[in-house]
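Undergrad: Could you look at this predicted model? Sequence included:
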Amino acid sequence: MGPAVMNHQGKKTIVKYAVNLLVVVLSLAAALTLAEIAFRWYFDVPALPWCYRINSLDFRGREPGLGKPADSKRIMLLGDSYTFGYGVPSEDIYASLLEKRSREYSRPPVEVLNFSRLGWNTKAETEFFFSRGVQYDFDVLILSHTFNDIELKPIVVNNQQLFCSLTQMTMLHSLLYVFYQGKAAFENATTDYSQTLTSLYKNKGSPEWKQMADCILRLNRYCSEKRKRFVLFYFEIYCDNKSNMRLDIKKEMIRFADENKIPFVGIEPVPDCDLKEYHLYKYNAHPNNLGHRLAAEALMNYFQETERQ
C-alpha cells in the first residue's frame, strides 16, 4: 500500500471520528434541550428574573451613609441569605417592606440598612458589626437568625456582586441548573441535618451554642451600653398544621432570649398552609416574596406594639 493511499485512509478516519464526535455533541445538546423543556412544563418552576443592586460595601441596596439624616430613625439589619433576599426582587425583601411601612406609620422617617450576606452565620455577622457596623449611626439593631446560623464557620462569598450576577445569568438560562442547585441544597437540609442542628440548640455546652450565644449577648450588651434598641428576630416560617424541627429551635431561642431579657420577634405559624407557598420553589427553602411579607408584618407588629406601651 502506497503512502498516498495510507494518507487518504488516515484522513477518512479523522473525518469519521470528527463526525461521530459531532453527532454525540449534537445529541447531548438536543437531549438537554428536551429535558429543559420537560422540566419547565412538569415542575412548573418559575424563572427568577430579579436584579441585585450591590453597593460598594458588597451589600444589597443603596449606598449607606455613616451618619443618619437629621430627624430620622435608622434600623440596621444583620443577617444571612434569608435577609439578603436571595431570589426576591429588591422591592419585595422585608428590609424594603419594613422601611416602606415604617415610614407610613412612624414619624420621623425610617431608614433601613440591610447588612446581610450570603452564607453568613451569627459569628460572621457579629464580627462585621464590631469591625465595620459600629461606624454607622443607628437607633435599632435587628439580628436576623435562621436555623443554621449556629454553625461554627460561615460560607465565605467574597464578591456578592459577581456571585449573584453569575448565579442569576445561569438560572435565567437553565432551570435544570436551578433544579440541580436547589435540590442539592434541599437534600443538605435533610431530617438528619435538621436533627443535628436541633441537638446543638438543646446542648448548651456545645461549641456551636456557646459561640452563637456569646455573639448575641455581645451585641445586646453593646446596644444596652450605647442606649440603642436590640431585637433578635427569628426568620423561619411554619404551618400550624405540621410539626417542624425548626419550631423546636425557635422555642430554644425564645427561652434564651427570655433568660437574658432580649426582645424577641418571630413569625407566627400560618394557619393550615403549605410551606411550598412561601419558598422560592420546591427544592429551595429560601423565603419568597410572601415569606418576606410575613417577616415585615411580624417586625411591624412588634414595633407598633412597643410604641403603644
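TA: Done, it's in.
Undergrad: which element follows the lowest-mean-pLDDT helix or strand in the chain toward the C-terminus?
TA: Among the helical and strand segments of the chain, the one scoring lowest on mean pLDDT, DSSP states H and E is helix 175-188, with a mean of 51. Note on helix 175-188: by DSSP states H and E, the next helix or strand toward the C-terminus is helix 191-202.
Undergrad: That next one: how far from the chain's middle?
TA: What separates the centre of helix 191-202 from the centre of its chain is 19 Å, taken as C-alpha atoms, centre = their mean, to the nearest Å.
Undergrad: again with stretch 91-110
TA: Centre-to-centre, stretch 91-110 and its host chain are 20 Å apart (C-alpha atoms, centre = their mean).
Undergrad: Kindly check the end-to-end length of that stretch for me.
TA: 16 Å (C-alpha to C-alpha, to the nearest Å).
Undergrad: what about residue 91, neighbour count?
TA: When neighbours are counted by other C-beta atoms under 10 Å, residue 91 registers 11. (Each C-beta comes from the backbone N, C-alpha and C, glycine too.)
Undergrad: And the helices in the protein, which stretches?
TA: Under the criterion DSSP state H, helices of the chain are mapped to 3-43, 81-84, 94-105, 122-131, 160-173, 175-188, 191-202, 207-225, 245-259, 289-308.
Undergrad: Any idea how many residues pack against the closest residue to residue 195 other than its chain neighbours?
TA: The shortest distance from residue 195 to any non-neighbouring residue, by C-beta to C-beta, 6 or more residues apart in numbering, is to residue 245 (6.6 Å). Neighbour count of residue 245, defined by other C-beta under 10 Å: 16.
Undergrad: which ones are touching residue 151?
TA: Contact analysis of residue 151 by C-beta atoms under 8 Å, 6 or more residues apart in numbering lists 121, 197, 208.
Undergrad: Now the buried members of those.
TA: Buried subset of the contacts of residue 151 (neighbour count, 16 or more other C-beta atoms under 10 Å): 121, 197, 208.
Undergrad: From the residues you listed, which shows the smallest pLDDT?
TA: Lowest in pLDDT among the buried ones among the contacts of residue 151 is residue 197, which has 81.
Undergrad: Would you mind measuring from it to residue 126?
TA: Noted for residue 197: a distance of 19 Å to residue 126, by C-beta to C-beta, to the nearest Å.
Undergrad: Do I have it right that residue 95 meets residue 82?
TA: No: counting by C-beta atoms under 8 Å, residue 95 stays clear of residue 82, with 10.9 Å between them.
Undergrad: one step back: residues contacting the residue nearest to residue 195?
TA: 191, 194-195, 197-198.
Undergrad: how far is stretch 109-128 from where the chain is centred?
TA: Worked out by C-alpha atoms, centre = their mean, stretch 109-128 lies 11 Å from the chain centre.
Undergrad: Can you list the buried residues in that stretch?
TA: 110-118, 120-126, 128.
Undergrad: Just among the contacts of residue 245, which is most surrounded?
TA: The contacts of residue 245, ranked by neighbours (other C-beta under 10 Å): first place residue 197, 21 neighbours.
Undergrad: Please tell me how far it sits from residue 260.
TA: Residue 197 is 21 Å from residue 260, by C-beta to C-beta.
Undergrad: about what we covered before: from the contacts of residue 151, which single one is nearest residue 225?
TA: residue 121 (24.2 Å; C-beta to C-beta).
Undergrad: The closest one contacts residue 145, correct?
TA: No: with contact defined as C-beta under 8 Å, residue 121 does not reach residue 145; the gap is 9.5 Å.
Undergrad: got the end-to-end distance for stretch 84-96?
TA: 11 Å.
Undergrad: correction: stretch 65-78
TA: 16 Å.
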